[in-house]
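**Q** Sequence and computational prediction follow.
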Amino acid sequence: MKMRQRDITTHSPADEENSWKEKTGRRKRHRRESHSSERENKYRKHHHHRKSSDGHYLESRSLNEKQETKVRTVDSGYDKESHVSVSREKERHHARQRDRDWHHYSKSSGYSGQSSRNGRRRSRSRHRRSHSRSHRRKRSRSVEDDEEGHLIYHSGDILRARYAIVCTLGEGAFGKVVECIDQKNRARVAVKIIKNIERYRHAAMSEVEVLEHMNKLDSDRKYCCVRMLDWFDHHGHVCIVFELLGLSTFDFLKENNFQPFPIDQIRHMAYQIIKAVKFMHRNKLTHTDLKPENILFVNSAYSLEYNSKMKRDERTVKNPDVKVVDFGNATYEHEHHTTVVSTRHYRAPEVILELGWDHACDVWSVGCILIEYYLGSTLFQTHDSKEHLAMMERVLGPIPTQMLQKTRKRRYVHRDKLDWDVHSSSGRYVRKHCKPLR
């Protein structure tokens, strides 16, 4: 099985504070750090949505490429023509970069990376003790980090006297993902190497605990969630070993010129995604960062067929089996729920309005993902919250009055309705790019 990942990381308003913590973290390793990172998708820049991990283990490798290509918009007929002006394109480009420059693997969705997880911290004391002991060991002189905290490695290097590095699959704010050969059984695996920075280590250990729990609950591997095979500490770098999967569904769309998936394949993928989400919710876990970048094909091998109408070759994936990845933002019911979660384009209205959230935010994200598979483009192409809400109203009808009455975001509301000028430039943009579903 072949798996590439695009780890898209995201930037949050807390990034400046996190940057300061990163500089002082080495001297205060026992200090309580900020919990994961936000990944409000830096517009799908990094490899896809710099969501660097923001793919299973990482956002896909061509983050920059993704950023450039995913300025795709939903136009008046949902066609592929871009109606965004050069200035607006640049503005959205920088906004996406800002949004997605947080830990895709470790807390890839926007603000969700800041979740406290107090209960989980107590339950993972065993991991913490073993990790702290290994990290305190004297680092070998042959092991070096770059100025950003990434492990410096080369093809052929061996991790834990077992995993031989083959190549880099992707990287993000959290670290890098490499393809390795497990010398124990000759299997190819993906290893996520976390930066040697305290806050990223804490986030990684939180993800490890979720993955271990899921492995126990899904011992038969029936629920379409990525499998963690191993984890270990390598001179201060937490390393998580995953099964090797294929391209993310976003990367496949991108490499196929954003041609929609066939409807029969969408049905198949929808069934598997919903099966995975139902499994998580049944076990009181909310993913909080579902998006095409975090849905990976088990095997992304494809066939080519010439489209005479479009005058180009088009790819059709041979096996539409998929798995959900990136549990860095996953939150249990009993844990602290941060105000904002999810990557912008897949964020539910109750999250934008700060009304609190639960499992339903995952369901909204799944709906946005499936329509994107059908259209080949993002349904809500924006980085402004009020514009995002206006797009929702344009597509689905008025936001329920009770939601607008309860929100603390009063600047979005006027007389119990969304305060939106349909005749403004933004209003014209929304009318042009979003069409009612009914």
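**A** Arrived safely.
**Q** buried residues in stretch 255-271?
**A** For stretch 255-271, the neighbour count (16 or more other C-beta atoms under 10 Å) marks 255-256, 258-261, 265-266, 268-270 as buried. C-beta here means a position set from N, CA and C on the backbone, and glycine is covered the same way.
**Q** And for stretch 335-346?
**A** 335, 337-338, 340-346.
**Q** From Gln402, how far off is Ala390?
**A** Noted for Ala390: a distance of 19 Å to Gln402, by C-beta to C-beta, to the nearest Å.
**Q** ignore the last one, Val177
**A** With C-beta to C-beta as the criterion, Val177 and Gln402 are 43 Å apart.
**Q** Look at those two and report which has more neighbours.
**A** Neighbour totals were compared for Val177 and Gln402, and Val177 leads with 33 against 10 (other C-beta atoms under 10 Å).
**Q** ok, residues contacting the helix or strand in which that one is found?
**A** If you go by DSSP states H and E, Val177 is part of strand 175-182. The set of residues external to strand 175-182 that reach it, using C-beta atoms under 8 Å, 6 or more residues apart in numbering, is 5, 7, 53, 57-58, 105, 149-151, 153, 159, 162-171, 187-195, 200, 237, 241, 244.
**Q** Try it again at 6 Å.
**A** 5, 57-58, 150, 163-170, 188-195 (C-beta atoms under 6 Å, 6 or more residues apart in numbering).
**Q** Skip ahead from it and say which helix or strand is next.
**A** Toward the C-terminus from strand 175-182 - assigned by DSSP H and E - lies strand 188-194.
**Q** what about Val226, distance to Met391?
**A** Taking C-beta to C-beta, one finds Val226 at 31 Å from Met391.
**Q** what does Gly356 give?
**A** For Gly356, the distance to Met391 - C-beta to C-beta - is 22 Å.
**Q** So for those two, which residue has more residues nearby?
**A** Using other C-beta under 10 Å, the more surrounded residue of Gly356 and Met391 is Met391, with 22 against 11.
**Q** was I right about that one contacting His433?
**A** No. At 7.9 Å, Met391 and His433 do not qualify as touching, with contact defined as C-beta atoms under 6 Å.
**Q** overlap in contacts of the two?
**A** Counting by C-beta under 6 Å, 6+ apart, Met391 and His433 have no shared contacts at all.
**Q** Could I get the full set of strands for the protein?
**A** 158-159, 163-171, 175-182, 188-194, 228-234, 237-243, 285-286, 295-297, 302-307, 312-317, 322-324, 331-332, 413-414, 417-418 (DSSP state E).
**Q** Minimum distance to Lys386: which of the ones you listed has it?
**A** Ranking the strands of the chain by proximity to Lys386 (C-beta to C-beta) places strand 417-418 first, at 7.5 Å.
**Q** Direction included, what does that closest one pair against?
**A** Applying DSSP bridges, strand 417-418 is found paired with strand 413-414 (antiparallel).
**Q** any idea of the mean pLDDT in the strand it pairs with?
**A** In this model, strand 413-414 carries a mean pLDDT of 96.
**Q** Other residues contacting it?
**A** 404, 419.
**Q** Determine the number of other residues adjacent to Met205.
**A** Using other C-beta under 10 Å, Met205 has 22 neighbouring residues.
**Q** separation between it and Leu285?
**A** From Met205 to Leu285 the distance is 17 Å (C-beta to C-beta).
**Q** Same question for Ser155.
**A** 36 Å.
**Q** show me the contacts for the nearest residue to Glu305 once chain neighbours are set aside.
**A** Nearest residue to Glu305, sequence neighbours excluded (C-beta to C-beta, 6 or more residues apart in numbering): Glu314, at 5.8 Å. By C-beta under 6 Å, 6+ apart, the contact set of Glu314 is 259, 305, 307.
**Q** and which of those residues is nearest Phe327?
**A** Gln259 (29.7 Å).
**Q** With distance to Gly397 and pLDDT added, can I get the buried residues of stretch 255-271 in TSV?
**A** Shown next, in TSV, are the buried residues of stretch 255-271 (distance: C-beta to C-beta, whole Å; pLDDT from 0 to 100):
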residue	distance to Gly397	pLDDT
Glu255	35	96
Asn256	32	96
Phe258	27	96
Gln259	29	96
Pro260	24	97
Phe261	27	98
Gln265	29	98
Ile266	24	99
His268	30	99
Met269	27	99
Ala270	23	99
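**Q** Looking at these, which are in helices?
**A** 255, 265-266, 268-270 (DSSP state H).
**Q** tell me the helices in the chain, going along the chain?
**A** 15-24, 63-69, 86-99, 104-107, 118-123, 125-136, 198-217, 249-255, 263-282, 349-352, 360-375, 385-396, 401-406, 425-433.
**Q** mean pLDDT lowest for which of these?
**A** In terms of mean pLDDT, the lowest-scoring of the helices of the chain is helix 104-107 (a mean of 36).
**Q** Share the number of residues neighbouring the spatially closest residue to Thr401 that is not a sequence neighbour, please.
**A** Excluding the flanking residues, the one nearest Thr401 by C-beta to C-beta, 6+ apart is Asp416, at 5.2 Å. Neighbours of Asp416 under the rule other C-beta under 10 Å: 9.
**Q** ok, now which ones touch Asp416?
**A** Per C-beta under 6 Å, 6+ apart, neighbours of Asp416: 401, 404-405.
**Q** Can you select the buried ones among those for me in ChimeraX?
**A** Per 16+ other C-beta under 10 Å, the buried members of those correspond to this ChimeraX selection:
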select :404
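**Q** Quick check: Leu370 touching Ala270?
**A** Yes. Applying C-beta under 6 Å as the test, Leu370 and Ala270 come out as touching, 5.5 Å apart.
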